[in-house]
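Asker: Fold the following.
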Amino acid sequence: MTAPARSAPPTLALVNVSKSFGAVRALQDVTLELHAGEVHALAGENGAGKSTVVKTFAGVHRPDAGEVRADGAAVTFGGPADAQAAGVAVIYQEPTLFPDLSVAENIFMGRQPRAGLGRIDRRAMHAETARLFERLGVPLDPRQPARGLSIADQQVVEIAKAISRDARVLIMDEPTAALTGQEVARLFAVTRTLREQGCAVLFISHRLEEIFELCQRVTTLRDGGFVGTDLVADLTPDDLVRRMVGRDLDALYPKQDVTPGEIALKVRRLTREGAFTDVSFDVRRGEIVALAGLVGAGRSEVARALFGVDRWDAGTVEVDGRALPPGSPTAAMSAGLALVPEDRRQQGLVMDMSIERNMGLTQLKALRRATGRGGLISRRVERDRAADWGLRLQLKYSRLSDAVGVLSGGNQQKVVLAKWLATEPAVLIVDEPTRGIDVGTKAEVHRLLSELAARDLAVLMISSDLPEVLGMADRVLVMHEGRLTAEIPRADATEESVMAAATGRPGNGKAA
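Answerer: I've put the predicted structure just below:
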């Protein structure tokens with residue numbers, strides 16, 4: 001059902017907008033209306049055109065066809081400054097504050113209130129910042145340095161900066177990707193406050209449950225084309241997925257039942273001072289074991305120690321019975337351990353390097369042997385292997401020689417997976433495997449993990465996405481403040497039991 005027409009014109013709108021970059025058509029005949037007092041979701045897979053919509057609203061791109069309208073009148077944004085002057089503000093997933101300046105200085109950068117002789121009136125600046133935070137219902141100190149703020153607090157500072165400029169349209173691009181459940185709840189409270197105060201909000205998220213909790217309408221894009229605008233109340237999650245991917249998904253969590261085999265990863269009393277203490281667990285071949293818990297519980301720190309990125313202070317790690325020394329990624333790789341890190345852009349890929357070269361980084365010796373020219377590597381051999389993995393993982397790309405940075409987030413994640421799967425590991429550690437990727441690609445990654453486990457691979461999956469943990473794990477290990485607090489079998493794992501253990505409360509799981 002299409003949302004009904006309104007008597008008042010939209011605060012900001014795209015009307016039949018098309019945009020191309022060379023031969024690539026990013027948007028085709030897209031219409032999107034943002035109204036005051038409403039949170040409007042923009043949904044679509046990676047590559048659907050969402051970022052182009054945001055940049056068009058923000059004045060970064062100008063339409064090739066169609067028009068941008070503000071309060072019903074056509075406008076032309078010559079650049080981001082014009083969009084800001086029209087009351088448009090964008091809150092990105094990763095805020096960009098000046099870390100050594102205070103919160104108030106960040107908010108009023110370049111337009112500080114002045115006192116006599118042109119001096120900055122810090123008292124007035126702090127008072128106005130305090131009023132902004134009071135309006136948002138968030139108790140932040142205006143004098144606090146930006147350095148050390150959580151991502152959630154940084155986003156609130158960016159929102160305060162926007163409303164200090166009298167922003168009437170707030171665009172939130174994947175704002176919850178790096179937030180805890182409690183931080184998401186606070187951000188939603190702030191967003192609802194802005195909506196009640198008459199702001200028009202565009203909200204972009206790959207988490208469907210957030211769209212259904214926060215938004216009133218949703219516009220869906222697919223392959224740059226306009227699918228439709230609907231009232232959220234008239235849709236089910238399955239309806240929205242069908243609009244996004246153009247088909248029914250067989251299953252978002254296609255978990256295969258596998259009888260676990262021998263122990264592939266054995267961890268005993270692993271300790272790293274200040275990060276985690278006395279961590280012990282096993283992962284068997286054929287199993288997907290989830291390591292769950294709140295952000296800061298020590299999950300990623302355990303993964304980094306297992307792979308040798310960080311040294312542990314006490315304990316033992318064995319892969320297929322082979323003991324690993326602390327602090328040696330080379331030894332971990334040789335023993336059959338592979339790590340897909342949480343931050344694929346910073347830790348998993350070389351963004352300016354080609355797709356094929358990124359895939360080959362973990363198998364240089366094998367590529368040299370296959371080439372047979374001493375220390376040289378044949379580009380044909382490298383490309384053939386990359387093409388093979390691209391086909392296996394259904395990678396979407398133009399040319400393997402393109403920089404990996406041009407790929408969508410989901411396809412970048414597939415390149416990281418290909419890079420490590422090419423090493424034929426015994427144990428695969430995946431840290432937040434589907435963060436920031438669309439629902440269709442999510443299902444593909446889940447299918448791949450399930451198939452890998454069915455082929456006798458041991459998988460340790462770290463995830464903050466509770467439905468993913470419950471849908472994919474054979475067992476759930478829960479961490480709280482650096483310690484394992486519970487081990488919950490698949491049959492007993494519920495959101496309540498996992499969250500109880502993650503917050504240090506007694507749950508239904510076996511104490512670890």
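Asker: And the lowest mean pLDDT element among the helices and strands of this structure?
Answerer: helix 364-371 (a mean of 73; mean pLDDT, DSSP states H and E).
Asker: list the helices and strands the very next helix or strand once past it packs on?
Answerer: Sequence order places helix 379-392 as the next helix or strand after helix 364-371, per DSSP states H and E. When contacts are defined as 3 or more C-beta pairs under 8 Å, 6 or more residues apart in numbering; DSSP states H and E, helix 379-392 packs onto helix 355-360, helix 364-371, helix 409-421. C-betas here are computed from N, CA, C, even on glycine.
Asker: Of all these, which one is nearest E158?
Answerer: helix 409-421 (21.1 Å; C-beta to C-beta).
Asker: can you tell me the helix or strand for the spatially most central residue of the chain?
Answerer: Centroid-nearest residue in the chain: G436, 2.8 Å away (criterion: C-alpha atoms, centre = their mean). Under the assignment given by DSSP H and E, G436 is not contained in any helix or strand.
Asker: One more: I211?
Answerer: Under the criterion of DSSP H and E, I211 resides in helix 208-214.
Asker: which outside residues touch that helix?
Answerer: 39, 41, 43, 176, 184, 188, 191-192, 203, 205, 218, 232, 235, 237, 240-241, 439, 467 (C-beta atoms under 8 Å, 6 or more residues apart in numbering).
Asker: For the stretch 351-500 of the chain, which residues score under the pLDDT cut-off?
Answerer: 372-375 (pLDDT under 70).
Asker: please redo it, this time with the cut-off set to 90
Answerer: 351-352, 356-402, 404-414, 416-424, 432-445, 447-448, 464-468, 495-496, 499-500 (pLDDT under 90).
Asker: Give me the distance from stretch 461-473 to the chain's centre.
Answerer: Mean C-alpha position of stretch 461-473 versus that of the full chain (C-alpha atoms, centre = their mean, to the nearest Å) differs by 14 Å.
Asker: Also stretch 377-384?
Answerer: With C-alpha atoms, centre = their mean, you get 32 Å for stretch 377-384.
Asker: tell me which residues in it are buried?
Answerer: Buried residues in stretch 377-384, counted by 16 or more other C-beta atoms under 10 Å: I377, R379, V381, E382, R383.
Asker: Just the C-alphas of that stretch, formatted as PDB.
Answerer: Written as PDB, here are the backbone C-alpha positions of stretch 377-384 (Å, rounded to 0.1, in the frame of the first residue of the first chain):
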ATOM      1  CA  ILE A 377      53.800 -14.400  -9.200                       C
ATOM      2  CA  SER A 378      51.900 -14.800 -12.400                       C
ATOM      3  CA  ARG A 379      49.000 -12.300 -12.700                       C
ATOM      4  CA  ARG A 380      47.100 -15.000 -14.700                       C
ATOM      5  CA  VAL A 381      47.400 -17.500 -11.800                       C
ATOM      6  CA  GLU A 382      46.500 -14.900  -9.300                       C
ATOM      7  CA  ARG A 383      43.400 -13.800 -11.300                       C
ATOM      8  CA  ASP A 384      42.300 -17.300 -12.100                       C
END
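Asker: which other residues reach that stretch?
Answerer: Counting by C-beta under 8 Å, 6+ apart, E356, R357, G360, L364, L367, R368, A370, T371, L400, S401 sit against stretch 377-384.
Asker: Equivalent analysis for stretch 280-287, please.
Answerer: For stretch 280-287, contacts defined as C-beta under 8 Å, 6+ apart pick out 258-270, 289, 315, 426-427, 453-454, 456-460, 474-475, 477, 484, 487, 512.
Asker: close enough to count as contact, M333 and T423?
Answerer: Yes. The criterion here is C-beta atoms under 8 Å, and M333 meets it with T423 at 6.5 Å.
Asker: between these two, what contacts are shared?
Answerer: Common neighbours of M333 and T423 (C-beta under 8 Å, 6+ apart) are T362.
Asker: returning to that earlier point: for whichever helix or strand comes after the helix holding I211, give the mean pLDDT please.
Answerer: Downstream of helix 208-214, the next assigned helix or strand under DSSP H and E is strand 217-222. For strand 217-222, mean pLDDT rounds to 95.
Asker: For the closest residue to A83 other than its chain neighbours, which residues are in contact?
Answerer: Excluding the flanking residues, the one nearest A83 by C-beta to C-beta, 6 or more residues apart in numbering is G59, at 3.4 Å. Neighbouring residues of G59 by C-beta under 8 Å, 6+ apart: F77, G78, G79, P80, A81, D82, A83, Q84, V88.
Asker: Buried ones among those?
Answerer: The neighbour count (16+ other C-beta under 10 Å) marks F77, A83, Q84, V88 as buried among these.
Asker: count of neighbours near P139?
Answerer: By the criterion of other C-beta atoms under 10 Å, P139 has 8 neighbours.
Asker: actually R345, not the one I typed
Answerer: The number of residues packed near R345 is 15, by other C-beta under 10 Å.
Asker: give the contact list for it.
Answerer: For R345, the contacting residues are M351, Q412, by C-beta under 8 Å, 6+ apart.
Asker: how far away is it from D352?
Answerer: Distance, R345 to D352, by C-beta to C-beta, to the nearest Å: 11 Å.
Asker: And the helices in the stretch 101-250 of the chain?
Answerer: Remark: helices assigned in the stretch 101-250 of the chain by DSSP state H, counting those that start in this stretch are 103-107, 122-136, 151-164, 181-196, 208-214, 237-245.
Asker: Okay, buried residues for the fifth one please.
Answerer: With burial defined by 16+ other C-beta under 10 Å, the residues of helix 208-214 counted as buried are L208, E210, I211, F212, L214.
Asker: did I read that right, V54 in a strand?
Answerer: No. Counting by DSSP: H, G, I helix; E, B strand; the rest coil, V54 is located in no strand; its state is helix.
Asker: Thought E174 was touching it, still the case?
Answerer: No. The pair V54 / E174 is not scored as a contact, 10.1 Å apart, by C-beta under 8 Å.
Asker: which neighbours do those two share?
Answerer: Joint contacts of V54 and E174 (C-beta under 8 Å, 6+ apart) are I204.
Asker: Can you give me the first-to-last residue distance of stretch 196-213?
Answerer: Using C-alpha to C-alpha, to the nearest Å, one end of stretch 196-213 lies 16 Å from the other.
Asker: chain center to that stretch, what's the gap?
Answerer: 16 Å.
Asker: average pLDDT for it?
Answerer: Averaged across stretch 196-213, pLDDT comes to 92.
Asker: do the same with stretch 148-163
Answerer: 84.
Asker: give the contact list for M479.
Answerer: Neighbour list for M479: F276, V279, L291, A292, G293, A297, G298, R299, V302, T485, A502 [criterion: C-beta under 8 Å, 6+ apart].
Asker: If you could redo that for Q84, that was the one I meant.
Answerer: Residues counted as contacts of Q84 (C-beta under 8 Å, 6+ apart) are G59, R165, A167.
Asker: go on, M244?
Answerer: M244 neighbours (C-beta under 8 Å, 6+ apart): A43, G44, E45, A48, T220, R222, V227, D438, V439, G440.
Asker: most neighbours, which of those?
Answerer: Busiest of the contacts of M244 [other C-beta under 10 Å] is A43, holding 27 neighbours.
Asker: What's opposite that residue in the beta bridge?
Answerer: Beta-bridge partners recorded for A43 (DSSP bridges): T220.
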